[in-house]
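Participant: Predicted model, plus sequence, below.
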Amino acid sequence: MQYLRILLVIILAFGVCGCFAAKQPEKPAWGGSEEWRLKSLEENFLNFKEGLRQQNDLIESNHKETTAQIEKIEQRMTELDNSLAELKENQQKMMAMKVEEEITPVETVVAEEVVMGGTTSNEEKPWMVVPGEKSTVDGVTAKKAAQTQVSALSGEELYQEGVRLVMNDQPLKSRKLLEQYLSQNPSSKLAPNALYWIGETYYSEKSFAQSILKFKEVSRRFPKSGKVPAAMLKIGLAYDKLGDRENAVFYLRTLIEDYPKSDPAKIGRERLRAIEG
């Protein structure tokens, strides 16, 4: 009987231990949960980086398109500025031609003192065709008539004929007459004008270096002449034609600083902007 009680106690003890062990909570699988979270974070991070990359690509593409559009606009503005400068040059040229044609022996001095013009630099021929010589006679007769006419000219008539030939794109003939006028009238009021137009004859022949020497002679010999601003402008343009950007910029800036309100200075500002870009 005592053994039976001991056996029952042992059985009950094992039963209680088994129940207690069954009620103990299982250990959570923390290892699997941590790995899942890390993978989730890594995936989110990669998605975030991909989104940033796509946004950067889009921004860069938009930037390139905007830059290209800006460059096109700037190029168009430069073309418009050049066209405006050419129009202004043509206007000044026509004004100069008109004044030179209307010179009379009495009013010549006054008119020539205020003439600004002859500043075209980007045309094959820097003057517009002006009605002048008539070709109604044969070559021999015309040559004899021209020789007779020139030999009879003197003083201001010689100068006016030289300028007329300049306007009619006959640089060799006009230069000969203007040089003859200068040799006969080295100190006249029209001397700086004649010297300036001699420079224009070389410019029309694209002898830019020789034209620079003549234009510089205008300001050196006649520093107070009304032709000095136009001569300085043509010096700058001639240097630009020769590819000497430094001297071109120097003379155009000097023109603008010394004669800011002159018509050549207005053209000089446009050309300076075009040269400097």
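Facilitator: Cool, got the structure.
Participant: Report the separation between residue 205 and residue 174.
Facilitator: With distances taken as CB to CB, to the nearest Å, residue 205 is found 11 Å from residue 174. Placement of C-beta: from N, CA and C, glycine included.
Participant: Name the residue in these two with the higher neighbour count.
Facilitator: Higher neighbour count among residue 205 and residue 174: residue 174, with 23 against 13, using other CB atoms under 10 Å.
Participant: Now the more buried one. Nearest residue, chain neighbours left out?
Facilitator: residue 165 (3.4 Å; CB to CB, 6 or more residues apart in numbering).
Participant: what's near enough to touch the one you found?
Facilitator: 132, 171, 173, 174, 177 (CB atoms under 8 Å, 6 or more residues apart in numbering).
Participant: Kindly report the same for residue 255.
Facilitator: For residue 255, counting by CB under 8 Å, 6+ apart, the contacting residues are 229, 232, 233, 236, 262, 264, 265, 268.
Participant: if you set the cut-off to 7 Å instead, what comes out?
Facilitator: Taking CB atoms under 7 Å, 6 or more residues apart in numbering, we find residue 255 in contact with 229, 232, 233, 236, 264, 265, 268.
Participant: confidence score at it?
Facilitator: On pLDDT, residue 255 comes in at 96.
Participant: and if you look at residue 39?
Facilitator: Confidence score, pLDDT, at residue 39: 74.
Participant: Output the below-cut-off pLDDT ranges for the stretch 51-200 of the chain.
Facilitator: 86-153 (pLDDT under 70).
Participant: now with 80?
Facilitator: 75-154 (pLDDT under 80).
Participant: hmm, back to that, among the contacts of residue 165, find the one with the greatest number of neighbours, please.
Facilitator: Highest count within the contacts of residue 165 by other CB under 10 Å belongs to residue 177, 25 neighbours.
Participant: Need the three-state assignment for the closest residue to it other than its chain neighbours.
Facilitator: In space, and not counting its chain neighbours, residue 177 is closest to residue 162: 3.6 Å by CB to CB, 6+ apart. Of the three states, residue 162 takes helix according to DSSP: H, G, I helix; E, B strand; the rest coil.
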